[in-house]
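K.L.:
From the sequence below, what's the structure:
(chains A and B)
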2 protein chains.
Amino acid sequence: MSSILSYGQTLKSPNSEHELNFKLNEVGTPFYSLHYKGKEVIKESQLGLELVDDETSLMNGFEVKEVSETSFNEVWEPVWGEQSEIINHYNEVAFTLEQPEMNRHIIIRFRLFDEGLGFRYEFPQQENLVYFVIKEEHTEFGMTGDHTAYWIPGDYDSQEYDYTTSKLSEISGLFDDALTGNASQEQFAKTGVQTSLMMKSEDGIYINLHEAALKEYSLMNLNLDESSLTFKSWLTPDAVGNKGYLQAPAVSPWRTVMVSDDATDILASNMTLNLNEPNTLEDTSWIKPIKYMGVWWEMITGKSTWNYTDDLPSVKLGETDYSKTTPNGKHAANTEHVKKYIDFASKHGFDALLVEGWNEGWEDWFGNSKDFVFDFVTPYPDFDVEEIHDYARSKNIEMMMHHETSGAIRNYERHLDTAYQFMNKCGYTSVKSGYVGDIIPRGERHYGQWAINHYLYAVKKAADYKIMVNAHEAVRPTGLRRTYPNLIGNESARGTEFQVFGGSKPNHVTILPFTRLIGGPMDYTPGIFEMDISKLNPDNNSHVNSTIANQLALYVTMYSPLQMAADLPEHYEQFMDAFQFIKDVAIDWDESHYLEAEPGEYLTVARKAKDESSWFIGNVNGTTPRKTQVELDFLEKGKTYEATIYADAKDAHYKTNPQAYEISTKKVTSRSTLKLKSASGGGFAISIIEK
Amino acid sequence: MSSILSYGQTLKSPNSEHELNFKLNEVGTPFYSLHYKGKEVIKESQLGLELVDDETSLMNGFEVKEVSETSFNEVWEPVWGEQSEIINHYNEVAFTLEQPEMNRHIIIRFRLFDEGLGFRYEFPQQENLVYFVIKEEHTEFGMTGDHTAYWIPGDYDSQEYDYTTSKLSEISGLFDDALTGNASQEQFAKTGVQTSLMMKSEDGIYINLHEAALKEYSLMNLNLDESSLTFKSWLTPDAVGNKGYLQAPAVSPWRTVMVSDDATDILASNMTLNLNEPNTLEDTSWIKPIKYMGVWWEMITGKSTWNYTDDLPSVKLGETDYSKTTPNGKHAANTEHVKKYIDFASKHGFDALLVEGWNEGWEDWFGNSKDFVFDFVTPYPDFDVEEIHDYARSKNIEMMMHHETSGAIRNYERHLDTAYQFMNKCGYTSVKSGYVGDIIPRGERHYGQWAINHYLYAVKKAADYKIMVNAHEAVRPTGLRRTYPNLIGNESARGTEFQVFGGSKPNHVTILPFTRLIGGPMDYTPGIFEMDISKLNPDNNSHVNSTIANQLALYVTMYSPLQMAADLPEHYEQFMDAFQFIKDVAIDWDESHYLEAEPGEYLTVARKAKDESSWFIGNVNGTTPRKTQVELDFLEKGKTYEATIYADAKDAHYKTNPQAYEISTKKVTSRSTLKLKSASGGGFAISIIEK
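P.N.:
Numbering: from 1, shown residues only, chains lettered A, B, ... in the order given. Take a look at the predicted model:
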C-alpha cells in the first residue's frame, strides 16, 4: 500500500528498505535523495534540464503544483527471458512542477522497487512547452563516499572497453590507460564513464546506475565531479552539439538506481524490464530463442577473409564485376564450406547458422567512410543462396542473415525493405546487424538521438516482416525488448572477439553481468575451445583469457536468448565431451537464481529450463582461484536428477593451461550440495537432468 | 576538326572565337586562361583540390603525363525542352596530370563550345587514389576587370534573394543589404556569391560562371578575392566541415564559363545540357509538360491556410485525432473547394491541379525542426482523395501531388516508397516537393553533398514509379534533366511567391534567365493578375511588382515545361481576354530564338510550339519604359499568321497601374515587323497562329 507522501516527505519501497526524499530548494530547484536500510546512498542530488535558447530552462523556478501517489503490483509474462513470470511491484509518486513565470510544467515521476529507484522527466502536452531542444540534462547522482567502481571510459560511440576497477577518485588518473583503440570512439572528459555503472561502497553496499527505456532521446553517460563525488548526466550530442529534440507530450528515459547489500539482488533485478512498456506485438509466435554457430570466428581470427578478392582497391556496387576478379582462396562464405558448417550444426542439434562475408562489398567496407557500402541482397559469386538454403532446410538448420551497415545509416534505411524482403523470400528469420565504424551522416554518434531513433526503426520494421534482430555496435539495450520482443540481442560491449583484438581481462565476464547486462541480454558469442589463436592464424598471437569450463559456464552466466557456439567445428571435435554441455544447455528459462556474485571476482547462477525439469548452473571466476559450495535446494523436492559437472582440472589456468577440464556425473536431489573449485579465469558448468 | 594542341599551346572552339590556354608552373600547379575574340576574359587562373589529411593534396607537384584531344559534333533530341533538336559541338583536350611523388594522377578535361568553356576534374580508378575527402576545391576564375555583376549572396541553403547589380568591387559593401530573411540560410563571406553568376565587362563582354552535372559532389559557390578580382570556388561543407567524399573513379561537376559579346548567346546556350550524360530512361512516354493551376496562392497570400485546425499546439502523426478538432474554416484544401478549381481548370483546358495542405501535419510543420513531420499519405478529414480523383478524372484533369518535406530528409526517404505507391494508386503522375526550413540531419545544408545525393535519389526512385518531380528549395538544376527527364522542374530561386513575402524587384525576371535558368527551367509560377494582395488578405500589403502583360510574357521568357497559372480563378474571370494567352501558350518547343536581351533591363524571346506551326513571343522589361522592334523573320515563309498582341496600356506601370493592358490582333508574315512598347516592370506577350 502506498505510504502517505507529500512534498518534503518520503516514499518507501514495498519492503520499506528504500526511502526516497524529494524537495525544492528556495529557488525552486528540485532535489532527491535515496536511503537504503536507513543509510544515505544518494545524497541530495539535483534534477533538471537545460534547454537551448531558453534562459530559464527547466532548472529552477518550480513550485509543486500536484503530488500523486500510487502503487502497482502485477505479474507479467515475457515472450522469452530469464524467468517465465516477472513481478512488477513498486510504489510511485509523481510531482507536477510548475514554473509560474513561464506558465509551463513538467512531471518528475519516481518509482521505488524493492531493489531500488527509477525516475524520469515527463513533459505533458501544453501550450507553453511544445518543441524544445535539450542543451544538457542535469540529473545528478551524489555518491556518499569514494566507492569502488567497475567502469569504462565515457564515450559517444563505443562500449568495447575492458573494465577498470578503481576508486572513484582514481578514475581520471587511470582514464588514458583504460582507453584502447576502436573503429569508432569519442570521449568527452577524463572523468566520464558509461552506464550501467556498478559500484561498491566501503561498507559493502552495491550501487548500480543505469537507464531504462531509451527511445527518442540521446544516451546518458556520467561525468564525475571529483570534488563532490557526484555523477552528473552527460548526454550524447548530435552533429551540431545539441543533446535532444523533443516534442511534448514526451518523456525522458528512466534513470535507475539499484542498491543492495547483496550483489545478487542487482543481477536478479527486473527493474529495467518493468520500467518499459508492455509488449506491442500481437503475434509473437515467430520469435524464438536461437542456438547457433557461425562462419565468423575464422574471419575474426584472420584465418579467412570476409572479402572475396584481393584484386580491387575499391568496389562500386552494381558496377564492379566480381566474375572478372580472382578469388583470394580465403573467402570462407562459399557454398561448399558453408555446407560443412551446416552439417556440423545440424548433427549437433543447433537451430541456425550465421554466415558473414556472403555479400558483395567487403573489399573496402572498413575505414573509408563509404556511404553506399552494401546493398544487403547481392551475394558473392561463390555463395549460392538458393542452394545453401535448400541444403540448410533439408538439415533442419535456419540461416541467420548478416547486415553489416558499416555505420552508414541512410544507406541501410534505403535498402531496409528490400533487405528484409530478401530475407523473407530466402527463408532467413533472424539478422545480426552491425554498425562498425563512424556513423554516417557524419557528425552523428552511435549513441546520439539520431542513431537511437534508427536502431528502433530497424527493429520495428523487422517486426513487420517477422524478423528477429541482433544488433551489434548499436546502442546498449535498456529494456526495449519488453516492448519489441523481436529485439533478441545486442552486442554493444566488449565481446569474445576482443580476445582476438588484444585480449580481455580474465575477470571481464564477472563484471559484464553487473554492467552491460543490466540493460538486457548480450550476444557474447562464447564457446571458444582453442585459446591459442596462432593455431588458427600464425600471424595472430592473441590468447583467449579463459578456461574451457569458463567458456561453458558463459552459456548460463551471460544471459541471452541467442547463444552462439562461436569456435570452429574442428575445435569442438577435439573436445566433444565438453561440447556436450553446449548442446544440452537451454536458452530460455522458467527461473533464474543468482546464487552468489561479486563484481570482478565471481558469479554463480542456476537456471531452470523453460517448460522442462532440467536445471543448468554456471560459475565464472576472476583471477583468484576459488572454492564454491552450491546448494541445490532450488531443485524440485522428491525428484532425482543426474548432474553432469564440467569443471576446471586441478591445474587449469586461463593462460597456461586453459583446456584442462574434468567431467564427472553425480546423482543429486534438492538436498544435495556440490563443492567445486574454479581456476584463475575458470569456472564450471553443470547440467542437471531429471532421472 | 581538332586543332593541334600540346601542353603549353592552345585549344580553340569550333568557330575559333574562344581560345583556351593551359599550363603548369614551375612547381607543377595547373593554370588555365580563356580568350574570346583575341581578348583575355579569364586571366591565368589556378586549378586544383585540397584534400583532408593529405598535405600534398591535388594542388601541385604535377607533370603532364598525357594530352589527348578530340572533337565532337552531334545532334540529339531532348524529351522536352526549348528546342526539339540540340547541337552538341565542341573541341576537347584532356590533360592527364601525374604527381610522381605520390604515384597518382588526375585528369582535367576541357571542352570548348562556340559559346564558351566547360572543364572538370576526373579521378580515374588507380591504386593510390581511392577514397579521398575534399577540404576545398581551388578552382579560380580570374576576372580581367571590375565587371558589373548581377549577384545574390553566397549561401549554403537558399537562393531566394533579389539580385543586386553592382561592380565586383562593390559586392562586399552591399552584401548585408542584399540579405533578406529566409526559413533556411547560411552565408560564408561578404564576398561570396552564387552561380550562375552573370557579369558584363566595361567593353560589353558578357561572362557567365556556373556548373553542370552536379551529382555526388557539393555545390560550388564563388568567393571573390577583391584584391585580384578573382573568383575562387567555395564548396558547401557538411556537418563536420568537409566538402566532399569521393571514391575513384569519380568526376567533379563541370565548371562552365560562357562568354559572348551578345547577351542572347548566353541565353541560347545549351552547354549545360550538352555537358550532362544522355537520357537513362528507356521509356519516357509518361513524361509530359504540364500546364496547371493550384490551390496554393490563396494560402501563400494568407487568404486561406494549409492547416486544417488552429486548435493544436502540435501534432503527432498517427496519434492526433483530427476528427476531434475544430476546423478553422479557412482550410482551402477541402473537397468542395478543390472541385471548384477542377471545374475552372478543366473548362479552360489545363492539364493538372496542384493542391497543397491536403495532408495531416500542417499545424506545426514549420520552424520546429520536426523530424516525423509528414507521412505523405494521410489526408485531412475534409479532403476526400477518392472523390476528388474521380471528379478530376471525369473532368480530364490530373491531380498534382504535394510533398512538403520540411527539410526532414530521412523522414521523406523513410516514406518515399509508400508515398509514391500512394500516388500511383490514386492516379497522381507528378509531385511538387519542397524542402522548406533547415535540413535534418541537423548540420547538413541544402547544397551539401548529402542533400544533393538525396534529391537525385528521390528523382531516380520517382522514375521507377513513372512519376515526374518538381522540387522546390532543392539544389538549383545543373542539367541533370537530360539524364533524368522526369525532373521536370525546380524552384530553387526567388519565385513569384516572394512578391508576397516582401516583393521582388521589377527587373528580377530580366535577370533570372541569365542566372538561375542557365542550369535549367524554373517553376516560377507566374500568371498573377491581382497585384494588390490586400484584396486577398487585408493583413497583407504586398504588391506584385509586375504588369499583367509582364505576367503573360513570363510563360515565354521564363522557360519551363511546367507552367502554372498561379492566381485564383476569380481573378482570371475578371480578365478573361488576357487569360486567353495563358490558355493558348505552348509549354514545349521546337525552336527558341532569343531576339534581344540585356540582364536587368529586358529580354525578348520567340518560340515555336512543338509539332505545331504556332509561335509565341514574350518580352519582359526592367524599370525603364522601352520600345522594341520585333522582326518576325523566323516565321515560315509563305505562311500567313494572326498575331494577338497582349501589351501594356500606354499608362501601365508595375506599381501604379499594373492591370492596364491592351489586346490587338494583326495579320503577319515572315516579313512583318512589330513595334511595341513596354512599361516599367512591363512587357508583352504575343501568340502567332497560322491562318
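K.L.:
For the closest residue to chain B within the stretch 351-500 of chain A, grab the count of nearby residues.
P.N.:
Residue nearest to chain B within the stretch 351-500 of chain A: A:G443 (3.6 Å; Cβ to the nearest Cβ). Where you see a C-beta, it was placed from the backbone N, CA and C, and this is true even at glycine. Number of residues near A:G443 (other Cβ atoms under 10 Å in any protein chain shown) recorded here: 23.
K.L.:
Next: A:N128.
P.N.:
A:N128: 11 neighbours (other Cβ under 10 Å).
K.L.:
quick one, what contacts it?
P.N.:
Going by Cβ atoms under 8 Å, 6 or more residues apart in numbering or on different chains, A:N128 touches A:M102, A:N103, A:R104.
K.L.:
Wait, A:V41 touches A:F141, no?
P.N.:
No: taking contacts as Cβ atoms under 8 Å, A:V41 lies outside contact range of A:F141: 9.7 Å.
K.L.:
quick one: the strands in the stretch 351-500 of chain A?
P.N.:
According to DSSP state E, counting those that start in this stretch, the stretch 351-500 of chain A carries its strands in the segments A:352-355, A:398-404, A:430-434, A:468-471, A:487-490.
K.L.:
Mind putting those strands into JSON lines with mean neighbour count, mean pLDDT and distance to B:E690?
P.N.:
Conversion of those to JSON lines gives the following (neighbours: other Cβ atoms under 10 Å in any protein chain shown; pLDDT from 0 to 100; distance: least, Cβ to Cβ, whole Å):
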{"stretch": "strand A:352-355", "mean neighbour count": "24", "mean pLDDT": "98", "distance to B:E690": "70"}
{"stretch": "strand A:398-404", "mean neighbour count": "25", "mean pLDDT": "98", "distance to B:E690": "63"}
{"stretch": "strand A:430-434", "mean neighbour count": "23", "mean pLDDT": "98", "distance to B:E690": "66"}
{"stretch": "strand A:468-471", "mean neighbour count": "26", "mean pLDDT": "98", "distance to B:E690": "67"}
{"stretch": "strand A:487-490", "mean neighbour count": "26", "mean pLDDT": "97", "distance to B:E690": "71"}
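K.L.:
any idea where the helices of the stretch 501-650 of chain A begin and end?
P.N.:
A:508-511, A:548-557, A:569-574, A:576-584 (DSSP state H, counting those that start in this stretch).
K.L.:
Output the below-cut-off pLDDT ranges for the stretch 1-150 of chain A.
P.N.:
For the stretch 1-150 of chain A, applying pLDDT under 70 flags the ranges A:1-9.
K.L.:
now do 50
P.N.:
For the stretch 1-150 of chain A, applying pLDDT under 50 flags the ranges A:1-6.
K.L.:
picking up where we left off before, what is in contact with A:V41 and A:F141 at once?
P.N.:
Common neighbours of A:V41 and A:F141 (Cβ under 8 Å, 6+ apart) are A:V257.
K.L.:
Spatially nearest residue to the closest residue to chain B within the stretch 101-250 of chain A, not counting backbone neighbours?
P.N.:
Residue nearest to chain B within the stretch 101-250 of chain A (Cβ to the nearest Cβ): A:A239, separated by 3.6 Å. Nearest residue to A:A239 in three dimensions, chain neighbours excluded: A:G443, at 2.9 Å (Cβ to Cβ, 6 or more residues apart in numbering or on different chains).
K.L.:
unless I'm mixing things up, the one you found is touching B:D238, no?
P.N.:
Yes: using Cβ under 8 Å, A:G443 is in contact with B:D238, at 7.4 Å.
K.L.:
overlap in contacts of these two?
P.N.:
Contact criterion Cβ under 8 Å, 6+ apart; residues shared by A:G443 and B:D238: B:G443.
K.L.:
Thank you, goodbye.
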